[in-house]
Each structure stands twice: as C-alpha cells, then as structure tokens.
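# Quick one: sequence and predicted model below, then my questions.
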Amino acid sequence: MAAPTSYDSASSPSRLSADVVIHTTEMHTGGEPLRIIDSGYPTLVGDTILEKRRYARQNHDQFRTFLMHEPRGHYDMYGAILVEPDAPEAHMAALFTHNEGYSTMCGHAVIALGRYAVDREIVKPSIPEAQVNIQCPCGVVRAYVSCDKNGKTGAVRFHSVPAFLFAEDMEVDVEGLGKLRVDISYGGAFYAFLDAAKIGLDVRTSSTRDIVAAGAKITDAVKTQIKLHHPDSDDLAFLYGTILTDGNDQFTDEPTANVCVFADSQVDRCPTGSGVTARIALQYKKGLLQLGQRRVFQSGITKSTFTGKVIAEAKAGEVDAVVVEVCGRAHYCGSNVFTFEEDDNMKTGFLLR
C-alpha cells in the first residue's frame, strides 16, 4: 500500500470549493468508525499539535462538518486528520474529530492508526511487533502492532499518556436525575463515571436512547458545576463525556461493561480506549486494581472488548498518575473519494438524529 499524502498538502484548497477532493481510508475498532483523511485536507498552521488543533477549529471547521456530518457521514462518525508531528520521537500525528469538534485523545483511533501506519509502511513491519509512536493532542502515545511473518498486522496495544483520577465522589445536580455523585478521571481526555444502576439503567440491556440521554445530562451538569484542570495545558482541561458502567470496578476475571456518551450526545460503539484508560486509573487509585492486573472491558452496545492494565506509576506534573496499556483490534472497511458540487446547498453537511 502506498504511503498517505496527507503530510504534503500545501496545494490543497484552503476552503470548500469545487476543486476539493478528499481521499479517506475507512476503518472501525470494535464497531466504532474511524475515517482517516489520507489527502486533500488543508495544511494546518502551528508549531505544535495543540496549535494546529486550534487552527483547524477556528479556520477549517467546514471540512470537519463536510466529512463527519451527513450526507457523507452521520451523527456518530469519527475522524482522524493526519498532520506533521512536532514531537521528535513521533512517526505520525493526528487530530481527532467528531460531531461537535476536536478531541485530545482517542484510543480506538490509535489502535486503527497503528495498523494503518504499518500497512502503509510509515513504520516498517517487525516481528512480532512494530512500534508506532503517534502524537496526539494529549501527547505521544506508543502503539505496538502485531505482525506475522507474512507482514499481516493484527492486534494493537498502546501505552497511554499519564492517566489519573481527578476527583472522587463529586456531587452534581443533574436535570431530571437529581443529585448524583460521580468520579472524574483522565485518560488523555476527562470523563465523568457513574454506575448506571444508580439511575435505574443497565449498560447491557437498557435502550441506547435512555443511556445517551442520561449521559448527556450528566456531562452538561459536570461541565457547568465542576472546574477541571490539567497540569500540562488548559487545552486539555475539558470534560469530553460521561461513561456509564456496570459498577463492577473490583478486580475480577469477568468482563466489565460500560458505555461512553461524548461530544454532542455521540455514543461510542466500542469500550472507548481513552475511557478504559481513565477507568483503569480510577480503579488503581481506589485500590481496586493492582499493577499488572489485566481486565477485560466490554462495550454495552456492541459487546466488543478491549483489555487493559496498569504497567507503571507515573506523574502528570505533580499529580500521581499511571501509564495504562490498552489492547484491541481494528479492521478496514474500505476507502472513499469525497467531492461536492457548488450548487449543493447541503455541501457543508447536516445532522439528523
């Protein structure tokens, strides 16, 4: 497979016009989609990846809606924009996009991008694993891609940026649900965590509509009532979403299930890589999980699984943190070439829920 041309996009149009031609590779990880933009996206200005993220949001957001929203995407589409890394050790860098904007970390995308990087020979295959250093807005994440003697790639594990429990048992007043106590943990992005049973839901059997509605309300409440802080950058200090769990946080060999509701009521089909990272950091801090203990995390939506474990203690600034290893599988779905016509009044996309 040829290497992507995303890094050499100086001639790409800087606005949506009839000469826009965007090539993508389509993948999914545990059922959660990933649209990788191979070429055609405008060059992003900035010395750092966080500066490029801000530039994309402020100057080229119409490209996000063009690719994520209907008629080319859908309400729950997810994307990765490949950009030039500024971290010396990084082999590649990516910005993550969704229905609302731009994330700082995405574990399912890292798993898919690991395979993509080796299959495109951005990084040469290596038996039994090839290491791919992927710069995300939250930092460099190291992915390890399994390779067989025929060059076929398989499972991918990654080592997170330092993850930590930010706040435990915080009370928030949630519209329609009353006062609830949530934990807030960071795994490249911040999430609020709540046992779904506390609001009469079951992440394995309740309707997705009910789970999404509750998750979105909790997210809104936390955003307005709790101020977040990250020791590295204010750009990282925002709540990405809420993860409802089955309450099974004590270590066991049995899978534990959760559902992540993020961005604008977007629901993750997979167990959520950065969410699993944050949940493991939470479990470790509470003494419910020990160093090296491997757990299986299941999506309450698709029943797909990731595994995860704490591999080392670390620091995030002065905050006690851990490095978490998450493992999963990604698969290819196909590829696309996207264009539009000038007289199309829906060319920038729309959303229908």
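Structure's in. What do you need? In this text the structure is predicted, and so the values were computed from the model without any measurement. Numbers count the residues shown, from 1 in each chain.
# now the helices: where do they sit in the stretch 101-250 of the chain?
When assigned using DSSP state H, counting those that start in this stretch, the helices of the stretch 101-250 of the chain occupy the ranges 107-119, 208-225.
# Report the contact partners of the spatially closest residue to residue 129 that is not a sequence neighbour.
In space, residue 129 comes closest to residue 144 once its chain neighbours are excluded; the distance is 4.5 Å by CB to CB, 6 or more residues apart in numbering. (Glycine included, C-beta is placed from N, CA and C.) Residues in contact with residue 144 (CB atoms under 8 Å, 6 or more residues apart in numbering) are 114, 129, 130, 131, 132, 156, 157, 158, 159.
# which ones among those residues are found in strands?
Residues of these located in strands (DSSP state E): 129, 130, 131, 132, 156, 157, 158, 159.
# For those, work out which two are farthest apart.
Of all pairs drawn from the ones in strands among the contacts of residue 144, the greatest distance, 14.3 Å, lies between 130 and 159 (CB to CB).
# Name the residue in these two with the higher neighbour count.
A direct count of neighbours by other CB atoms under 10 Å for residue 130 and residue 159 places residue 130 higher, at 21 against 18.
# Give me the distance between the residue positioned nearest the centre of the chain and residue 187.
Among the residues of the chain, the one closest to the centroid is residue 106, at 1.9 Å (CA atoms, centre = their mean). As judged by CB to CB, to the nearest Å, residue 106 and residue 187 stand 11 Å apart.
# Need the residues touching each of those two.
Counting by CB under 8 Å, 6+ apart, the shared contacts of residue 106 and residue 187 are residue 274.
# rewinding a little: any chance of JSON lines for the helices of the stretch 101-250 of the chain, columns distance to residue 281, mean neighbour count and mean pLDDT?
Formatted as JSON lines, the helices of the stretch 101-250 of the chain follow (distance: least, CB to CB, whole Å; neighbours: other CB atoms under 10 Å; pLDDT from 0 to 100):
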{"stretch": "helix 107-119", "distance to residue 281": "13", "mean neighbour count": "29", "mean pLDDT": "98"}
{"stretch": "helix 208-225", "distance to residue 281": "17", "mean neighbour count": "18", "mean pLDDT": "98"}
